[in-house]
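Peer 1: Sequence below, structure please.
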Amino acid sequence: MRLFTTGCLLLLTLYAQAQKGVNSLYSAFGIGDLEEKDYSRSFGVGSAGIGRGSNNFLNELNPASYSRLPMETFFFEASVAGKTVQYNTSTSYQTAGDIGFKRFALGFKAHKRWGMSLGLMPYSRVDYKLLNTRTIEGTGSSIRNAVEGSGGINRLYFSNAVQLTKNFSIGASAAMLFGPVSTTDSLGGGGTTEDVYSEVNNAYRSFELNTGLQYSGQVGEWQLGAGLTYRLQSQLVNSQDFSLKDADQNVLYTETRKAVDYRLPEQIGAGIHISNGQLAWLADYRQQNWQGLNENKSDYKYITAKRYAGGMEYTFYRDYFNTRMEGLILQAGVNYSTGYLRVKGEPLTDFGVTAGASLPSRTGHLRYYIGLEGGQRGRAVKGLVKENYLNVVLHLSLRDNWFFKRREL
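Peer 2: This next block holds a predicted model:
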């Protein structure tokens, strides 16, 4: 049964990874839409969790959390998310939707003070299509033009945490950032043999290091957790190929171009977690300063990105033989982000309200989690687009007893 469940999780992630749909017109700027949210059990509390330990799930928001993983237990987690968006301008609106892979992770306790996790998740995503009409210089006539972007950057990480004392833990997450981003610009767009397509393929790669510190202690009847994270600045190296094709996809011309690299800023984060065993409160703050790191374009500027998140969680417990286990878990939260870009003088602010519920299987080895978020990003001013969106997250967590030695009676 457990092998069957594991296989279903793998098929689910592969199916979601194969899906493609419209994500956001704003992903045409910079390196695309950054994945700021945590698509696991923290989603329903606004993706807050820097101050919470990984007692019953894998928490990549703070790598120091893995020192709290239980002994002789192996975790396997996978997440997918569906999104529907309504794009609003001052004169019209349009809807779109997609489904995509969000996370694959495994983790376990290697020693009573040492926990680790390995995972794959998106770092940014590019998915847009713009249709317009261009005027042919010197002729006065016009021609249809379509610009389409796709791809994104992935994050493959390996995290380790060590419990220094009863209350303090430190951790580090080393990650490889990699992925393709393609931009196709077509002139004609009528599907005739006269149509010409130019294609730019970017291949990004970088190494990232994120560190964390976490405190866990008791204050009266309340369990107090606090955390700090610091991600070092890094260089996102880019290699670029350009090609010119006809309507039958025959290559007319190709060359390797000098590409523009991106500097990724340092990130600081802080969070707090307060719980009495059933009711928990969480709050996080993260900041990245993008100003002055990369070349600014005339239509957009890099700014300091700030993110605020918080929420509450209530846990119902149940008895399984002689063990007290988590039963139904209910969550509610909010999050607000200023974004890392200002387009036409307008920041891409993002506000969302979240809810989540988690329910275990009969044996408690598998947990089903569903998260919901409704929000709004951007404003319909200066020719820009306001996005009203709904996110639905499905997260499956398989917990099994490994490295367990049975005793003969």
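
Peer 1: Tell me which stretches of the stretch 1-150 of the chain form strands.
Peer 2: In the stretch 1-150 of the chain, the strands defined using DSSP state E, counting those that start in this stretch lie at 33-34, 73-88, 93-111, 114-135, 142-163.

Peer 1: Low-confidence bits of the stretch 51-200 of the chain, can you list those?
Peer 2: Residue ranges of the stretch 51-200 of the chain with pLDDT under 70: 133-142, 188-194.

Peer 1: T91: neighbouring residues, count only.
Peer 2: The local packing of T91 (other Cβ atoms under 10 Å) involves 6 other residues. For every residue, glycine as well, the C-beta is placed using N, CA and C.

Peer 1: how about the helices in this structure?
Peer 2: 2-18 (DSSP state H).

Peer 1: Contact partners for the nearest residue to Y314 once chain neighbours are set aside?
Peer 2: Excluding the flanking residues, the one nearest Y314 by Cβ to Cβ, 6 or more residues apart in numbering is L330, at 5.0 Å. Contact analysis of L330 by Cβ atoms under 8 Å, 6 or more residues apart in numbering lists E313, Y314, G356, A357.

Peer 1: ok, the nearest residue to the third one once chain neighbours are set aside - contacts?
Peer 2: In space, G356 comes closest to G44 once its chain neighbours are excluded; the distance is 2.0 Å by Cβ to Cβ, 6+ apart. G44 makes contacts with G311, E313, Q331, A332, G333, T354, A355, G356, A357, G371, L372, as judged by Cβ under 8 Å, 6+ apart.

Peer 1: The first one contacts L282, doesn't it?
Peer 2: Okay, so that is G311. Yes: counting by Cβ atoms under 8 Å, L282 is a contact partner of G311 at 5.7 Å.

Peer 1: what residues do the two have in common as contacts?
Peer 2: The overlap between the contact sets of G311 and L282 (Cβ under 8 Å, 6+ apart) consists of V45, G46, A48, G333.

Peer 1: give the contact list for the residue lying closest to the last one once chain neighbours are set aside.
Peer 2: Leaving out its chain neighbours, the residue that sits closest to G333 by Cβ to Cβ, 6+ apart is G311, at 2.4 Å. Counting by Cβ under 8 Å, 6+ apart, G311 touches G44, V45, G46, A48, W281, L282, Q331, A332, G333, V334, T354.

Peer 1: State the distance from the residue nearest to Y314 to A280.
Peer 2: Applying Cβ to Cβ, to the nearest Å, the value for L330 to A280 is 11 Å.

Peer 1: For the stretch 151-300 of the chain, just list every one of the strands.
Peer 2: 168-187, 196-219, 222-231, 234-246, 251-257, 262-264, 267-275, 279-289, 300-302.

Peer 1: Nearest approach to Y39 belongs to which of those?
Peer 2: Closest approach to Y39 among the strands of the stretch 151-300 of the chain (Cβ to Cβ): strand 279-289, 15.3 Å.

Peer 1: got the buried residues for that closest one?
Peer 2: Going by neighbour count (16 or more other Cβ atoms under 10 Å), the buried part of strand 279-289 is A280, W281, L282, A283, D284, Y285, R286, Q287, Q288, N289.

Peer 1: The third one reaches S47, doesn't it?
Peer 2: No: L282 is beyond contact range of S47, at 9.7 Å (criterion: Cβ under 8 Å).

Peer 1: Between the two, which contacts overlap?
Peer 2: Residues within reach of L282 and of S47 at once, by Cβ under 8 Å, 6+ apart, are A309, G333.

Peer 1: before we move on, the earlier item: now the strands of the stretch 151-300 of the chain in JSON lines, with distance to P63?
Peer 2: Output for the strands of the stretch 151-300 of the chain, formatted as JSON lines (distance: least, Cβ to Cβ, whole Å):
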{"stretch": "strand 168-187", "distance to P63": "3"}
{"stretch": "strand 196-219", "distance to P63": "5"}
{"stretch": "strand 222-231", "distance to P63": "8"}
{"stretch": "strand 234-246", "distance to P63": "16"}
{"stretch": "strand 251-257", "distance to P63": "37"}
{"stretch": "strand 262-264", "distance to P63": "17"}
{"stretch": "strand 267-275", "distance to P63": "11"}
{"stretch": "strand 279-289", "distance to P63": "14"}
{"stretch": "strand 300-302", "distance to P63": "26"}
